[in-house]
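J.: build the 3D model from these lines:
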Amino acid sequence: MHIPLQAPTLDDLLAELPAGRFAEVLHQPLGVVPGDDGYLHWDRLIHLAPPSGLNHKEWWLRLKFSRVVDRRLIPLVDQTNTPFYFSLPDEILELLHQVDQQASGRIGMADSVMNPANRDRYVVTSLIEEAITSSQLEGASTTRRVAKEMLRTGREPRDRSEQMISNNFRAMQFVTANRDRDLSPEFIYEVHRLVTFGTLDDPEAAGRLQRPDEVRVRIWDADQVLHTPPPAEELPQRIEKLCDFANGSNDRSWVHPVIRSIVLHFWMGYDHYFEDGNGRTARAIFYWSLLRQGYWLAEFLTISTILRKAPVSYAQSFLYTETDENDLTYFLRFHLDVVMRALDELQKYLQRKIEEVQEVEVLVRGDSGLNHRQRTLLGDALRDPHARYTIEGHKQSHGVVYQTARADLLDLAARGLLEQRRDGRAFVFVPPTNLSARLRETG
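T.: Below is the predicted model:
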């Protein structure tokens, strides 16, 4: 991975500027940069032609001044005790407004999709997807199909990759159920214990900070160090500050809730409190923060699916911040874009579910006697003729007791809409090859 060039600091730029040139630089228009994503880093700017009347360093000085006018400091400091900060350019404000609109208010969806039973099922589906992709970001190699089968049926993990995914699922369930709690070091330790259970070389390292007598974890790419976290002896104090910030305990000024959540994600990645599992823990705490602050739709989002498609950009957003005087705006800009893309994917997913439910409703006319869980299952079966359903999986997906799940599947088998087969000592249910025709007959 390419490590960005260290950006010239504001102090160095001012020291180099000839006397009398400062006012001229500030009055130069910045212009529009072709292909600019709204927040250029020095590493990119140096390869572009500067605006007329400016050299590259003067252009950078002009940009830096426009950014620091409204910068907001946060309690996070680097290893030289220099604070991190962020700015609020128009691109950030617009993205925050869009997230506010889509993730915190009421969203217009068909009752067939957002009734309580279906809503619970889609939450489970999202938690499963996030558990899988968050683990794959950290090296888990289990296929999505196998992982889904494991989580839905509740079978025990067979290897380390499956254990990572199972752990992530439980951690996501934990932060979702505990969204109303304040953040504390103990809360974070519990999340870390959940995500690392049975996967660490040293089981004693689960749920505790790295100690000063241990080799400090660092972030590597191939043979180069990308990031060296603060010394282990500073971690207890730093995690306390993290929790204070998460809870808004010592706020001197208002911080937008989404920015607060994203800063927590960065902060945990920067400090790297644990031997392993830092990324998964940070992403779980990011979800907790959004949910705690009223962004209820976060329950449905799978940001790791987006991050997995752009791992280099994900890492680059950390590095841009560290190589430009601790400017968090780069990370905010990237992460807000990820959230918006996850929201777009959610809208597409829910639209597909609406169409599936409508298709079943068209095929199953009249009083068929099928309940909403059975209709949803049949919608899935129409989309995936090779699907396999188990009583335990149906129970997990819909949050019902075993007897209810069993009755649903046996009823569908009795109607000829599923075929019941034996797999070892258990039964599985599969769609018949002519499911659509049978549904039409049912209707």
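
J.: how many residues are close by Ile259?
T.: By the measure other Cβ atoms under 10 Å, the count of residues near Ile259 is 19. In short, each C-beta sits where N, CA and C put it, glycine included.

J.: quick one: it and His335 touch, right?
T.: No - Ile259 lies out of contact with His335 (Cβ atoms under 8 Å); the separation is 9.4 Å.

J.: so Arg438, which state does it fall into?
T.: Using DSSP: H, G, I helix; E, B strand; the rest coil, the structure places Arg438 in helix.

J.: which ones are touching it?
T.: By Cβ atoms under 8 Å, 6 or more residues apart in numbering, the residues touching Arg438 are 416-417, 432.

J.: now do 10 Å
T.: Residues counted as contacts of Arg438 (Cβ atoms under 10 Å, 6 or more residues apart in numbering) are 363, 378, 415-418, 431-432.

J.: cool, Asp182 as well?
T.: 243-244, 246-249, 292.

J.: kindly report the same for Arg421.
T.: Contacts of Arg421 by Cβ under 10 Å, 6+ apart are 388, 413, 427-430.

J.: swap in Thr80?
T.: Here Thr80 is in contact with Asn326 (Cβ under 10 Å, 6+ apart).

J.: just the element for Phe427, please.
T.: Assigned by DSSP states H and E, Phe427 belongs to strand 426-430.

J.: ok so, going back, going by neighbour count, which of the contacts of Asp182 comes out on top?
T.: Ranking the contacts of Asp182 using other Cβ under 10 Å puts Ala246 first, with 24 neighbours.

J.: burial count for the spatially closest residue to Leu307 that is not a sequence neighbour?
T.: Among residues not flanking Leu307 along the chain, Tyr314 sits closest, at 5.1 Å (Cβ to Cβ, 6 or more residues apart in numbering). A count of nearby residues for Tyr314, using other Cβ under 10 Å, gives 20.

J.: which pLDDT does the model give Tyr314?
T.: Predicted confidence (pLDDT) for Tyr314: 89.

J.: wait, isn't it in contact with Tyr320?
T.: No - in this structure Tyr314 lies outside contact range of Tyr320 using Cβ atoms under 10 Å: 11.3 Å.

J.: tell me which residues of the host helix or strand of Pro75 are tucked away?
T.: Assigned by DSSP H and E, Pro75 belongs to strand 72-77. In terms of neighbour count (16 or more other Cβ atoms under 10 Å), strand 72-77 has its buried residues at 72, 74-77.

J.: picking that back up, hey, what's in contact with both of Ile259 and His335?
T.: Contacts common to Ile259 and His335, judged by Cβ under 10 Å, 6+ apart, are Leu328.

J.: and the helices in the stretch 151-300 of the chain?
T.: Along the stretch 151-300 of the chain, counting by DSSP state H, counting those that start in this stretch, helices occupy 160-177, 185-196, 235-247, 257-271, 278-292.

J.: most tightly packed of those helices?
T.: helix 278-292 (a mean of 24; mean count of other Cβ atoms under 10 Å).

J.: quick one: mean pLDDT for that helix?
T.: Mean pLDDT, helix 278-292: 93.

J.: show me which of the contacts of Arg438 are buried.
T.: The buried subset of the contacts of Arg438 - by 16+ other Cβ under 10 Å - is 363, 378, 415, 417-418, 431.

J.: any stretches of the chain with poor pLDDT?
T.: By pLDDT under 70, the weakly predicted segments of the chain are 32-38, 105-124, 356-357, 360-361, 364-367, 443.

J.: which residues does the spatially most central residue of the chain contact?
T.: The residue lying closest to the centre of the chain (Cα atoms, centre = their mean) is Ile303, at 3.2 Å. Residues counted as contacts of Ile303 (Cβ under 10 Å, 6+ apart) are 130, 133-134, 265, 283, 286-287, 290, 335, 338-339, 341-343, 345.

J.: which pair in the residues you listed spans the largest distance?
T.: His265 and Glu345 (18.8 Å; Cβ to Cβ).

J.: which residues does the nearest residue to Arg160 once chain neighbours are set aside contact?
T.: Nearest residue to Arg160, sequence neighbours excluded (Cβ to Cβ, 6+ apart): Thr199, at 5.6 Å. With contact taken as Cβ under 10 Å, 6+ apart, Thr199 is in contact with 135, 138, 140, 157, 160-161, 163-164, 166-167, 206, 276-277.

J.: I'd assumed Met340 was in contact with Arg306.
T.: Careful, residue 306 is Ile; it's not Arg. Yes - the criterion here is Cβ under 10 Å, and Ile306 meets it with Met340 at 9.3 Å.

J.: more neighbours: which of those two?
T.: Ile306 (21 against 16).

J.: for that one, grab phi and psi.
T.: As for Ile306, its main-chain torsions (degrees, to the nearest 10) stand at phi -70, psi -40.

J.: distance of it from Glu91?
T.: Distance of Ile306 to Glu91, computed by Cβ to Cβ, to the nearest Å: 18 Å.

J.: list the buried residues of stretch 6-16.
T.: Buried residues in stretch 6-16, defined by neighbour count with 16+ other Cβ under 10 Å: 7-8, 13.

J.: gap between the closest residue in space to Asn168 that isn't next to it in sequence and His41?
T.: Nearest residue to Asn168, sequence neighbours excluded (Cβ to Cβ, 6+ apart): Ala131, at 3.8 Å. As defined by Cβ to Cβ, Ala131 lies at a distance of 33 Å from His41.

J.: which one's more surrounded, these two?
T.: Counted by other Cβ under 10 Å, Ala131 and His41 do not tie: Ala131 has more neighbours, with 29 against 21.

J.: the more buried one touches Thr176, doesn't it?
T.: No - checked against Cβ under 10 Å, the pair Ala131 and Thr176 is beyond contact range at 11.7 Å.

J.: joint contacts of those two?
T.: In contact with both Ala131 and Thr176: Ala284, using Cβ under 10 Å, 6+ apart.

J.: coming back round to it: for the buried ones among the contacts of Arg438, work out which two are farthest apart.
T.: Greatest spatial distance in those: Leu363 and Leu418, 14.8 Å, computed using Cβ to Cβ.

J.: quick one: which of the contacts of Arg438 is nearest Asp408?
T.: Looking across those and measuring by Cβ to Cβ, the closest to Asp408 is Leu418, at 9.7 Å.

J.: so who does the closest one touch?
T.: 374, 377-378, 381, 387, 389, 408-412, 428-432, 435, 438.

J.: quick one: buried ones out of those?
T.: 374, 377-378, 381, 387, 389, 408-409, 412, 428-431, 435, 438.

J.: and those residues, which is closest to Gln98?
T.: Nearest member of the buried ones among the contacts of Leu418 to Gln98, counting by Cβ to Cβ, is Leu377, at 34.2 Å.

J.: look up how far Ala405 lies from the closest one.
T.: For Leu377 relative to Ala405 (Cβ to Cβ), the value is 10 Å.
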